[in-house]
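Asker: Structure, please.
(one chain, ligands or ions: 2)
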Amino acid sequence: IPAAPGLSSPPKENFSLDAAALLQFLPLSKTLPKILPLLRPQIPRILSAWACAAVSVSALYAFVPQVGQLSSLLAAGDLVSVRRKAAMAIFLISAKSLAQYWQQALLWEVALGVTCDVRCHVFETVLRKDMSYFEGQSGAAKGDIAYRITAEADATGETIYAFLKMVVPCFLQLAAMAGRMLSLSPVLSFATVSVVPCMSVVIAILGEQLRALSKRGQDSIARLSAYVNEVLPSMLIVKACAAESYEDERFKRLAVIDRQAHLMKKKMKAFIPEIITGAYAATGVVLFALGAWVISKGNFDGTGMVSFITSLVLLIEPIQQIGKAYNEMKQGEPAVERLFDLTSSFPKILDEEASRRHLKNVIGDVVFDNVCFSYGATSPRVLQNINFHVCAGETVALVGPSGGGKTTLAKLLLRLYEPTQGNILIDGENIQGVSLESLRQQVAIVPQETALFTGTVMENIAYGVMSNDIDMKRVERAATMANADEFIRRLPDGYETNLGERGSSLSGGQRQRIAIARAIYHGPSILILDEATSALDNRSEKLVREALEQLMIGRTVFIIAHRLETVQKAARIFLLDGGKLVEEGTHSSLIARGGQYASLFSAGRDDIRPQLTAK
Ligand code: ADP
Ligand code: MG
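Answerer: Ligands and ions are numbered 1, 2, ... in the order given. Coordinates of the predicted model:
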């Protein structure tokens, strides 16, 4: 059997594989390159923190011999000297504590500062992702994003703290105490220190286990949070289907998985320090036996032994902290990875400022030139060879069965997606060549689902504009055109009414009219109304329709509608079915033609009779 090409040169390949495996063992080997650039602006703080660590370790280094001497002076009963030595020791320990406090405070400042930066950076990249990123994922995955930006960003901060504390302060103390021990008794030092590498290996192995368990715990809690985020917004359906017990059962199953994952992690966390303590105890036994032997040889004494033990205790402290920091970093690693995953893909629909022209003084002439589109490389075509020319100021209606591609067409016009083939032109300009911002100021959409945000009515209408820059006159004008001014003035605080609290008490028609006002606030020349009247009762629909009639003046308007009565006023009607433009014409010409539109119209006639007779 011929060898696979990749395996034909074993020595080198094997070496690099081993190196990779070893690197895997080091915490943060993959995530460190991402974190380090974030630390760059914090360098002065980090260096100050490390300087504090140096002060604290120096104080400790000076403190160690004081302890041995103190014990000898005590044994000799020299109380005056004891007092002096004790005062010195207390001074050194206080200096150490103070410096250590400053070191920790500074490192936390760094870690939390980076957490905040990372959080903002990740949210910004998420905001700028393509629409396909948000539509392609289920609600569950969006819950996951919220979790990553909150809890996992926190975990990232803890990891950074652990890392910064480990690399300098812990190793500094370790080195200082090892130096002290060596100066006191090289023999005893080598005997004790030889235990350290063995312990490090054990700690590393246990740490690796802990990391895997920790990732399981984080995954399971993320699933739980995503699940809750998915179910709660759909409470209406849950209740209507009497599915409380069903959902309860599903939640319990996830909760139990989470409990098990966390229990295993906690057990491992409880196990690791015990193993370490056991190892220390063993070291202690060896140390005392050896100490007795060294003293019997005559070149060491009790004072030295006390100092030696003191420095050993102070050596163990940083080792324990390194172990702890190592574990924290291992545990935090999946969180850091998942957080940075969010920033690893880049939007395809880009807006390189330099090369983009701004759409200005648009009159609203829209051309679809042989546009084809599918949502994914392997997905079926949603739009096929769409050709039309809508003149400036014209109102056209898009009708057709659900799934026909009407909303997709609107999304293409907003350049939320790009055609897989063909071009879309506004005033003769290909929309791929103009800046996204200017395009989206000229093309506005009123979607079927009205999204209201926390904030006042005013802020909702002037959405996207910072509060201080809102043009009140413009807001009122937009609201008046949307037939919303009157009801807004009747709200408790008028335009200042907070929708965060009261948004849900607005009727569907009121919400819709706020959405229309929002769409026209910036004075778009092209307006898309996607089933804007489908969820309304007759009275609100009449108000909304009146508003629409005003909006059509001087604008190019695309009305997407289920209900055919809404579209009769349109200059032209396009019938989209299965992604194809199957019929096109005025209402009367299409009726006269007796095709699909005519049959749709007669099927819907019962619906519209009251309205027709009202005229
Ligand atoms: P309409 O608005 O006419 O009801 P849509 O444009 O919403 O139709 O949908 C057209 C087709 O595209 C449907 O088959 C729908 O399932 C599919 N579709 C819509 N949005 C997406 C999406 N984000 N990803 C994949 N397919 C989609
Ligand atoms: Mg639709």
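Asker: tally of neighbours for Gly494?
Answerer: Counted with other CB atoms under 10 Å, residues neighbouring Gly494 total 13. Just so you know, the C-beta spots here come from the backbone N, C-alpha and C atoms, and that holds for glycine as well.
Asker: no wait, Val399
Answerer: Using other CB under 10 Å, the number of residues around Val399 comes to 27.
Asker: could you pull out the helices for the stretch 501-615 of the chain?
Answerer: Taking DSSP state H, counting those that start in this stretch, the helices of the stretch 501-615 of the chain run over residues 508-521, 538-551, 587-593, 596-603, 605-614.
Asker: counting contacts, what elements does the shortest one pack onto?
Answerer: Judged by 3 or more CB pairs under 8 Å, 6 or more residues apart in numbering; DSSP states H and E, the packing partners of helix 587-593 are strand 572-577, strand 580-585, helix 596-603.
Asker: Which single residue in the stretch 501-615 of the chain comes nearest to ligand 1?
Answerer: Leu576 (6.3 Å; CB to the nearest ligand atom).
Asker: so what's that residue scoring on pLDDT?
Answerer: Leu576 is assigned 92 on the pLDDT scale.
Asker: quick one on the thing from earlier: and the helices and strands packed on helix 587-593 as CSV, adding mean neighbour count?
Answerer: Below are the helices and strands packed on helix 587-593 laid out as CSV (neighbours: other CB atoms under 10 Å):
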stretch, mean neighbour count
strand 572-577, 21
strand 580-585, 18
helix 596-603, 16
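Asker: Only C-alpha atoms, please: export stretch 296-312 in CSV.
Answerer: Only the C-alpha atoms of stretch 296-312 are listed here, as CSV (Å, rounded to 0.1, in the frame of the first residue of the first chain):
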residue,chain,number,x,y,z
SER,A,296,24.7,16.3,62.7
LYS,A,297,27.5,17.0,60.1
GLY,A,298,28.1,20.3,61.9
ASN,A,299,27.9,22.9,59.1
PHE,A,300,24.3,23.9,59.8
ASP,A,301,22.3,25.0,62.9
GLY,A,302,18.8,25.5,64.3
THR,A,303,18.7,29.2,63.2
GLY,A,304,19.5,28.1,59.6
MET,A,305,16.9,25.4,59.8
VAL,A,306,14.1,27.7,61.0
SER,A,307,15.0,30.2,58.2
PHE,A,308,15.1,27.3,55.7
ILE,A,309,11.7,26.1,56.7
THR,A,310,10.3,29.6,56.5
SER,A,311,11.6,30.1,53.0
LEU,A,312,10.3,26.7,52.0
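Asker: longest single helix anywhere in this protein?
Answerer: helix 244-297 (DSSP state H).
Asker: same for that helix, what does it pack against?
Answerer: Under the contact criterion of 3+ CB pairs under 8 Å, 6+ apart, helix 244-297 touches helix 186-193, helix 195-231, helix 302-341.
Asker: can you redo those helices as TSV with distance to Tyr133, mean pLDDT and mean neighbour count?
Answerer: Output for those, formatted as TSV (distance: least, CB to CB, whole Å; pLDDT from 0 to 100; neighbours: other CB atoms under 10 Å):
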stretch	distance to Tyr133	mean pLDDT	mean neighbour count
helix 186-193	53	84	17
helix 195-231	16	84	18
helix 302-341	12	84	21
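Asker: out of those helices, nearest to ligand 1?
Answerer: Taking CB to the nearest ligand atom, helix 195-231 is the member of the helices and strands packed on helix 244-297 nearest to ligand 1, at 17.3 Å.
Asker: what residues does the very next helix or strand once past the closest one touch?
Answerer: Next helix or strand after helix 195-231 toward the C-terminus (DSSP states H and E): helix 235-240. With CB atoms under 8 Å, 6 or more residues apart in numbering as the test, helix 235-240 has contacts from Val231, Ala243, Glu244, Glu247.
Asker: Check what pLDDT Gly503 gets.
Answerer: 55.
Asker: Please apply the same query to Gly143.
Answerer: Predicted confidence (pLDDT) for Gly143: 66.
Asker: Same check on Ala146?
Answerer: As predicted, Ala146 sits at a pLDDT of 85.
Asker: correct me, but it touches Val228?
Answerer: No. Contact between Ala146 and Val228 fails when scored by CB atoms under 8 Å: they sit 10.5 Å apart.
Asker: hang on, the earlier thing: now flag whichever of the contacts of helix 235-240 is closest to Val187.
Answerer: Proximity of those to Val187 (CB to CB) peaks at Val231, which lies at 66.9 Å.
Asker: Find the nearest non-adjacent residue to the closest one, please.
Answerer: Leaving aside its chain neighbours, Val231 sits nearest to Glu247 (5.6 Å; criterion: CB to CB, 6 or more residues apart in numbering).
Asker: So which residue is smack in the middle of this structure?
Answerer: The centroid of the chain falls nearest to Ile149 when counting by CA atoms, centre = their mean (3.8 Å).
Asker: Phi, psi for that residue please.
Answerer: The phi/psi pair for Ile149 (degrees, to the nearest 10) reads phi -70, psi -30.
Asker: Begin at 51, not 1, for the rest of this chat.
Answerer: Got it, first residue is 51 now, which makes that one Ile199.
Asker: low-scoring stretches of the stretch 501-650 of the chain, by residue?
Answerer: Flagging of the stretch 501-650 of the chain using pLDDT under 70 yields the residue ranges 551-554, 583-586.
Asker: ditto for the stretch 51-200 of the chain
Answerer: The stretch 51-200 of the chain contains residues with pLDDT under 70 at 51-78, 187-193.
Asker: and the closest residue to Asn435 other than its chain neighbours, what does it touch?
Answerer: Distance criterion CB to CB, 6+ apart; nearest residue to Asn435, sequence neighbours excluded, is Asn420 at 5.5 Å. By CB under 8 Å, 6+ apart, Asn420 lies in contact with Asn435, Ile436, Asn437, Gln471, Gly472, Asn473.
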